[in-house]
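>>> No sequence on hand, only this structure:
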DNA sequence: CTTGGAAAGTCAACAAGGCTGACGTAGTTT
DNA sequence: AAACTACGTCAGCCTTGTTGACTTTCCAAG
């Protein structure tokens, strides 16, 4: 990790973004930190994300559901018993938005909402068997794509991939992911 | 979060997705190819992508623009003179959708549309100075975030990150990215 | 026991940004 | 001259996000 930015100073070929003291476009700078390269990564992320979500989207379109339903199903599957409030935090949408989605899923028998044991204001969410089946159908093509990409890229690349993704996200969400990792770890000792 | 009531139990293994001959959940399988791990990556991608797009979104909200405008601006900036059809291919939306966005950007003087020299049916798109200024303002926080993540993760991780993203996307888009890389390469020999 | 506030649900209205379908108009190709 | 291509546009629909204004239920603190 020894790359200091050592200034750079020297000329601004770049358009209008020299405001950033750490934003050079020079030979002395590691290639992977150059501005153009960084812009390219925006595209890599865009294309990869679209391909990744496109798989389940095709299945969802055949039902009456959209990506919002998929997200809810995904997280309920990952943490069964999760409360509505917790899910709101994770998804970062308004309760009205989420409620519309949850209402459908519950009406269609994919999600079950149980009154909390301690605090009976809370609703704990679970996937029904039918819900689990749909979840599997949705995540299956995603796992497929990931596995293919991982095989092609190799273990070191995958490790780096995970590391960078983690560094990119906001800390609050990072904590959430960590928590899930622990749950997972204790599940297969 | 006191919240006990973990109930759940979450049965031993995945529900109904053993159909795939290459989809085991065993000790013999490299950890990074296990099903649960792959599901977790879906979340990493989701959170990272949201954080990454959230930065410019905040700026866009102060104007009358949305993410769709950002995408158009981004790609026009990357390949000035690009035709409308090419942009449609890249963005993967209908021309009606794109047109709504382009009409605004042109009316507001951020994008210029020039009739093609060879084929005068085509329109070639360029960012005006004002458009370039906005582009810089939008991509700046993204570069910031990327640079911070890259510094924290290190060069090897970054290389792996790029590799996996590339393997994840659809081949057609991969070709597009490759083309851009070449253009970039010849720009600083 | 009353009361303040948190958790959840709902109604209504609206906007962004996708989509389809149908047309029109240049300009190019055959 | 006919066919096809690139682009623009009108009209209408859907999903999913947003505010704002409630109500109901419930916990906990005064």
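That came through, no problem. All of these numbers come straight from a predicted model, not from anything done at the bench. Numbering: from 1, shown residues only, chains lettered A, B, ... in the order given.

>>> okay, residue A:108: pLDDT?
Looking at residue A:108, its pLDDT stands at 95.

>>> Based on its surroundings, how many neighbours for it?
Look at residue A:108: counted by other Cβ atoms under 10 Å in any protein chain shown, it has 16 neighbours. Any C-beta I mention is one placed from the backbone N, CA and C, and that applies to glycine too.

>>> where's it relative to residue A:84, distance?
Distance of residue A:108 to residue A:84, computed by Cβ to Cβ, to the nearest Å: 17 Å.

>>> Repeat that for residue A:156.
For residue A:156, the distance to residue A:84 equals 40 Å [Cβ to Cβ].

>>> More neighbours: those two, which one.
Neighbours were counted for residue A:156 and for residue A:84 using other Cβ under 10 Å; residue A:84 has more, 17 against 13.

>>> before we move on, which element is residue A:117 in?
Under the criterion DSSP states H and E, no helix or strand holds residue A:117.

>>> Taking chain A, what residue is nearest to chain B?
Minimum separation of chain A from chain B (Cβ to the nearest Cβ) falls at residue A:160, amounting to 2.5 Å.

>>> confidence score at that residue?
Per-residue pLDDT puts residue A:160 at 96.

>>> How many neighbouring residues does it have?
By other Cβ under 10 Å, the residues close to residue A:160 number 23.

>>> Which parts of chain A are strands?
For chain A, the strands defined by DSSP state E cover A:82-83, A:111-115, A:123-127.

>>> Now these in JSON lines, please, with extra columns for mean pLDDT.
Below are the strands of chain A laid out as JSON lines (pLDDT from 0 to 100):
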{"stretch": "strand A:82-83", "mean pLDDT": "94"}
{"stretch": "strand A:111-115", "mean pLDDT": "95"}
{"stretch": "strand A:123-127", "mean pLDDT": "96"}
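
>>> could you dump the ones you listed to JSON lines with distance to chain B and mean neighbour count?
As requested, the strands of chain A are exported to JSON lines (distance: least, Cβ to the nearest Cβ, whole Å; neighbours: other Cβ atoms under 10 Å in any protein chain shown):
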{"stretch": "strand A:82-83", "distance to chain B": "8", "mean neighbour count": "20"}
{"stretch": "strand A:111-115", "distance to chain B": "9", "mean neighbour count": "15"}
{"stretch": "strand A:123-127", "distance to chain B": "7", "mean neighbour count": "20"}
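
>>> tally of neighbours for residue A:78?
As a burial measure, residue A:78 scores 20 neighbours (other Cβ under 10 Å).

>>> So it sits against residue B:46, correct?
No: if you go by Cβ atoms under 8 Å, residue A:78 and residue B:46 don't touch, sitting 11.4 Å apart.

>>> So is the helix or strand of chain A with the lowest mean pLDDT next to chain B?
Scoring the helices and strands of chain A by mean pLDDT, DSSP states H and E places helix A:171-185 at the bottom, with a mean of 82. Yes: using Cβ under 8 Å from any Cβ of the partner chain, helix A:171-185 comes into contact with chain B via A:173-174, A:176-177, A:180-181, A:184.
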